[in-house]
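Engineer: All I have is the shape, not the residue letters:
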């Protein structure tokens, strides 16, 4: 899949991320007043394909450190980590750990890798906090609407099919055992899709890889989900732009500066299908089994962890502006809601979002 021109970091369609095609998050240069002499800081950038989309990592070092850093080794390690995560949790790879779990009809505990267990744990935790607005047992419904590994369908699912599939969706359909590191179905027809959490989790894993190697200034993007540490090559906070949620173009809605934080966005306007003249968005409400129909176009979340931000942005999209805003405020989340309003868009931000963005 083609990469976007530098320096843009774009969220591309994931072959197996059934409902996580999100708006652009674009790094921008800092003002001249904040710049440090160019000779003092150098940017090493790694780009590639992963999970049907793209990834980008920018690492800032002092120029005199370049010869002491094994940058080729860093590149290999980053790609190896991403390959492992994809190999574990892809719904499009029939041999992945998640695909094997989905095919199984056993109600016995299923042993999984530490990474897979972590993603399940975060998903269930955020699902509980959002009253089921995030639910990874939505896999069969994703397939039914034509966004899963089965590919597009020529017709929409019937009311009867949706009702039947919803019986295997919801809280209590998955049980975790942290001591044994197992996942267990409570119904044989349960199927899971971890798409709404995996990109953020992958960004966090790369963050740990780089930190463990002693790097202190870098920006990581996996499928559009961003996590940062330290500052950019000018010595300023990393500048990230949130895209205006229009069907075409890369217009910027708001520019934010972040350091040592993650930022992710969920939106319904880039990935969709048209069936019998009806536009069907890729984000589904797991409580109804149907695509979203409200006016909310995108939600951006800033958090210490990309996995949490990634999980919450999807859940808040499902809840809609009013309910999502109320819950995000109650949980002290930093969230920005962009809603369709006439021919344009309107914004609503939580106090925590305004607090973070106003300080930088």
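Structural biologist: Nice, thanks for sending it over. In this text, all values refer to a predicted model and were calculated from it rather than measured experimentally.
Engineer: where exactly do the strands run in the stretch 201-350 of the chain?
Structural biologist: 218-222, 225-229, 238-243, 252-258, 262-267, 272-275, 278-281, 284-285, 290-291, 296-303, 334-341, 344-349 (DSSP state E, counting those that start in this stretch).
Engineer: got it, and the stretch 1-150 of the chain?
Structural biologist: Taking DSSP E, counting those that start in this stretch as the criterion, the stretch 1-150 of the chain carries its strands at 25-28, 41-50, 53-62, 110-111.
Engineer: Residue 311: which of those is closest?
Structural biologist: For residue 311, the closest of these is strand 25-28, at 16.6 Å, according to C-beta to C-beta. Yep, even glycine has a C-beta here, placed from its N, CA and C like the rest.
Engineer: Could I get the strands of the stretch 1-150 of the chain in a markdown table, plus columns for distance to residue 359 and mean pLDDT?
Structural biologist: Shown next, in a markdown table, are those (distance: least, C-beta to C-beta, whole Å; pLDDT from 0 to 100):
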| stretch | distance to residue 359 | mean pLDDT |
| --- | --- | --- |
| strand 25-28 | 18 | 51 |
| strand 41-50 | 23 | 91 |
| strand 53-62 | 21 | 92 |
| strand 110-111 | 44 | 98 |
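Engineer: deepest of those, which one?
Structural biologist: strand 53-62 (a mean of 21; mean count of other C-beta atoms under 10 Å).
Engineer: Surely residue 111 is in contact with residue 181?
Structural biologist: Yes - if you go by C-beta atoms under 8 Å, residue 111 and residue 181 touch, sitting 6.5 Å apart.
Engineer: Could you list the low-pLDDT ranges of the stretch 51-200 of the chain?
Structural biologist: Counting by pLDDT under 70, the stretch 51-200 of the chain shows low-confidence ranges at 64-69.
Engineer: Could you tell me how many residues sit around residue 172?
Structural biologist: 8 (other C-beta atoms under 10 Å).
Engineer: Now do the same for it: helix, strand or coil?
Structural biologist: Here residue 172 is coil, with the state taken from DSSP: H, G, I helix; E, B strand; the rest coil.
Engineer: got a list of what it touches?
Structural biologist: residue 186 (C-beta atoms under 8 Å, 6 or more residues apart in numbering).
Engineer: cool, and residue 85?
Structural biologist: Counted by C-beta under 8 Å, 6+ apart, residue 85 has contacts 51, 115, 198, 201-202, 205.
Engineer: So which of these sit within helices?
Structural biologist: 115, 198, 201-202, 205 (DSSP state H).
Engineer: Let's have these in JSON lines, adding distance to residue 342.
Structural biologist: Listed next are those as JSON lines, based on distance: C-beta to C-beta, whole Å:
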{"residue": "115", "distance to residue 342": "44"}
{"residue": "198", "distance to residue 342": "36"}
{"residue": "201", "distance to residue 342": "37"}
{"residue": "202", "distance to residue 342": "38"}
{"residue": "205", "distance to residue 342": "42"}
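Engineer: re earlier: which one of the strands of the stretch 1-150 of the chain lies nearest to residue 241?
Structural biologist: Once the strands of the stretch 1-150 of the chain are compared by C-beta to C-beta, strand 25-28 is nearest, at 4.1 Å.
Engineer: rank the strands of the stretch 201-350 of the chain by pLDDT, which is bottom?
Structural biologist: Lowest mean pLDDT of those: strand 272-275, a mean of 57.
Engineer: thinking again about what came up before, and the two most separated of the ones in helices among the contacts of residue 85?
Structural biologist: Farthest pair in these, by C-beta to C-beta: 198 and 205, 10.2 Å.
Engineer: okay, these two: which has more neighbours?
Structural biologist: The neighbour comparison of residue 198 against residue 205 (other C-beta under 10 Å) goes to residue 198, with 31 against 21.
Engineer: measure that one to residue 62 for me?
Structural biologist: 34 Å (C-beta to C-beta, to the nearest Å).
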